[in-house]
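Q: Here is my input, please return the structure:
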Amino acid sequence: MSNIDEMSVNAIRVLAADAVQKANSGHPGLPLGSAAMAYELWTKHMKHNPKNPKWANRDRFVLSGGHGSTLLYSLLHLFGYGLTVEDLKQFRQLDSLTPGHPEYGHTVGVEATTGPLGAGMAMAVGMAMAEEHLASKFNKEGFPIVDHYTFVLGGDGCMMEGISSEAFSLAGTLALNKLIVLYDSNKISIEGDTDIAFTENVKMRFEAFGFQTLVVEDGNNLEEIGAAIEAAKADKTRPSMITVKTKIGYGCPAKEGKASAHGEPLGAENVIALKENLGWPTQEAFYVPDEVYANYKKIADDNAKVEEEWSTLFGKYCETYPDMKELWDKHHDQNIGKELIDNEEFWAFPDKADATRNLSGMVINRLKDLVPSLFGGSADLAPSTKTYMNGEGDFSKDNYTGRNLHFGVRELAMAGIGNGLALHGGLRPYVSTFFVFSDYVKPMARLSSLMGIPLTYVLTHDSIGVGEDGPTHEPIEQLAMLRSMPNFTVYRPADATETIAGWYYAITSTSKPTALVLTRQNLPQLPGSSKDALKGGYTIDDSSKATPDAIILASGSEVELAVNAKVELAKEGIDVRVVSMPSVDIFEEQSEEYKESILPKNVRARVAVEAATDFGWGKYVGLDGAYVTMKGFGASAPAGELFKKFGFTVENVVSTVKSLL
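A: A predicted model of the protein is given here:
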């Protein structure tokens, strides 16, 4: 290792240690141990340009062990991505650009929000899948315009979490050779040596997944690390996993190799000892020699030239293949779906009873031609969730052009991979499973919301209407769970018009994910449904009175029940308004005037009807209202019998309304 390389590696360590010490909070162990591998990767093997952090053909780097965020922040600062020394000094402070774990969209150069261990691993798999698909679609002979790697760095915790095994099992099956996993193997977790809970042979596990496996015995040997990265790149048939043996807290005499280096500041005396041990020229906090900054700047300038070469190539590509340039623009146009608002063919539907999952499948197969970036699939459930794009082929190691994804029975990884697909750019991904299994999806859906990415979740079999499969497959609390999540839109349509509206909302979203919650059973097409469903809640069947006697609110399959109850109530002289509420999230975004026009405050007799828990409906029903909802779990029987058993009948809705008057 040359002197300038050694100083540049140690600069990462010193900045990380100083930032954690000043904040009196953080995780110095990973940055100290992984600094050499990160430096070797970022300086000699990774295409990136600080002057254009969103360059389409950059290599992606995901820090799956997000607790080691000061490693990434130090790199971003040293390379000139815009993080200043002052930003490093504000580590973990309110409104700073250096939060405790990296946040996508908040800090320039951060490719993904990582906090839950293993999540970054799944997102990296999604990015690698996106690269392979776009490369197969756009590259021409002599024009490799999509040609980049995805690197992901994580440690023992990431390897222990089940999501990483799910994701890497699929990565191996798909032979994603542009995916390179850097395993920071220091054999330490929070509770001590990993042998207390983690003794498996990780290398053999990855070999079973279908990865090339490489080992770097000395995590501070740049040449050894570099050779392993080049060997990983040279394998064109498999993804690669590089085990890099490191020491947590490297360089700090009192902390090196100990669990105490993981998640607490080193301590002022230990920071002094670290700098002395590393031969750092000063004890001044956050000091970096000018020659180190100059080294990083030269490397960054060289990388800028790499992008310039690509830009020249891309320009020639666009001239040679103008049709592909047009397709490229469509793939990267976030607003491509908005023109569908007035597309009559898009909004048309057969006037017959049908399940909203089937109607969603109809919409998907319209969108595939209108939105060429649409790309998605299910967790082994496409025949049931109706998410297959006809005639578009299956994405596989033999056919990366295929647009249908097969995630296997891996819901958690599927959602994480979906996040990676969305983060990569150039694609409009969707993922799908049964609604009850959104419990498996939730942690990664939460990251979708945090990052503000428009991933679409197609969640079918939405209620006790699942029927004979019984309570294990009948969602009860899941609507409330997902509705409670900030920056996440839940949409449960009642018929074809509302289903199309839900997809229109999802495909035009640019800053939040959407869950489409769909029925297994057939529903009629309701005369009053309209594009007003895009407002989240609207009057689908109104009272003839200026002030209704009561209001019935419902979503999904229960809207038909509410409309039928209105007819029966009218026979007794009770005139009610029926409000369809496919999305309380969207309804809450409307003006106060609009919400008052739909739910006037002076009408206090209100009933919520939904085949799920009543949790959350109190906001609209109020203290004087009532509920026709689930009070417990479901049962195993034909759907019709279950709706009767649990009170989802016209008679019960009528009786409940009358009880308020």
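
Q: Direction included, what does the helix or strand harbouring Pro429 pair up with?
A: Per DSSP states H and E, Pro429 falls inside strand 428-434. In the sheet, strand 428-434 lines up against strand 374-378 (parallel), strand 456-460 (parallel) (DSSP bridges).

Q: Please tell me how far stretch 418-433 is from the chain's geometric centre.
A: Chain-centre distance of stretch 418-433: 8 Å, with Cα atoms, centre = their mean, to the nearest Å.

Q: What residues are bridge-paired with Val181?
A: Beta-bridge pairing for Val181 (DSSP bridges): Val152, Met241.

Q: Contact partners for it?
A: Counting by Cβ atoms under 8 Å, 6 or more residues apart in numbering, Val181 makes contact with 121, 124, 151-152, 154, 168, 206, 211, 239-242. C-beta: built from backbone N, CA, C; applies to glycine.

Q: same thing with Ser530?
A: 497, 538, 540.

Q: What is the burial count for the residue nearest to the second one when sequence neighbours are not counted?
A: By the measure of Cβ to Cβ, 6 or more residues apart in numbering, the closest residue to Tyr538 outside its immediate chain neighbours is Asp532, 3.8 Å from it. By the criterion of other Cβ atoms under 10 Å, Asp532 has 18 neighbours.

Q: in the stretch 301-450 of the chain, which spans are helices?
A: 322-331, 344-347, 356-370, 382-385, 411-424, 438-451 (DSSP state H, counting those that start in this stretch).

Q: out of these, deepest packed?
A: helix 411-424 (a mean of 29; mean count of other Cβ atoms under 10 Å).

Q: Help me confirm that the residue nearest to Tyr538 is found in a helix?
A: Yes - according to DSSP: H, G, I helix; E, B strand; the rest coil, Asp532 belongs to a helix.

Q: residues contacting Phe138?
A: 145-146, 324, 327-328.

Q: gap between it and Leu367?
A: Separation of Phe138 from Leu367 (Cβ to Cβ, to the nearest Å): 20 Å.

Q: now swap in Asp59 and tell me
A: Here the criterion is Cβ to Cβ. By it, Asp59 lies 31 Å from Leu367.

Q: check contacts around Lys397.
A: For Lys397, the contact set (Cβ under 8 Å, 6+ apart) comprises 173-175.

Q: Among the residues you listed, which ones are in helices?
A: 173-174 (DSSP state H).

Q: Of the contacts of Lys397, which is the most crowded?
A: Neighbour counts for those, by other Cβ under 10 Å, peak at Leu174, which reaches 22 neighbours.

Q: Apart from its neighbours in sequence, what residue is nearest that one?
A: Here the residue nearest Leu174, using Cβ to Cβ, 6+ apart, is Lys397, at 5.3 Å.

Q: ok, now Trp617?
A: Nearest residue to Trp617 in three dimensions, chain neighbours excluded: Ala608, at 3.9 Å (Cβ to Cβ, 6+ apart).

Q: my read: Glu40 touches Ala228, true?
A: No - Glu40 is beyond contact range of Ala228, at 9.4 Å (criterion: Cβ atoms under 8 Å).

Q: Tell me how many other residues crowd Gln51.
A: Not quite, residue 51 is Lys, not Gln. Neighbour count of Lys51, defined by other Cβ under 10 Å: 12.

Q: which residues touch it?
A: 80, 300, 304.
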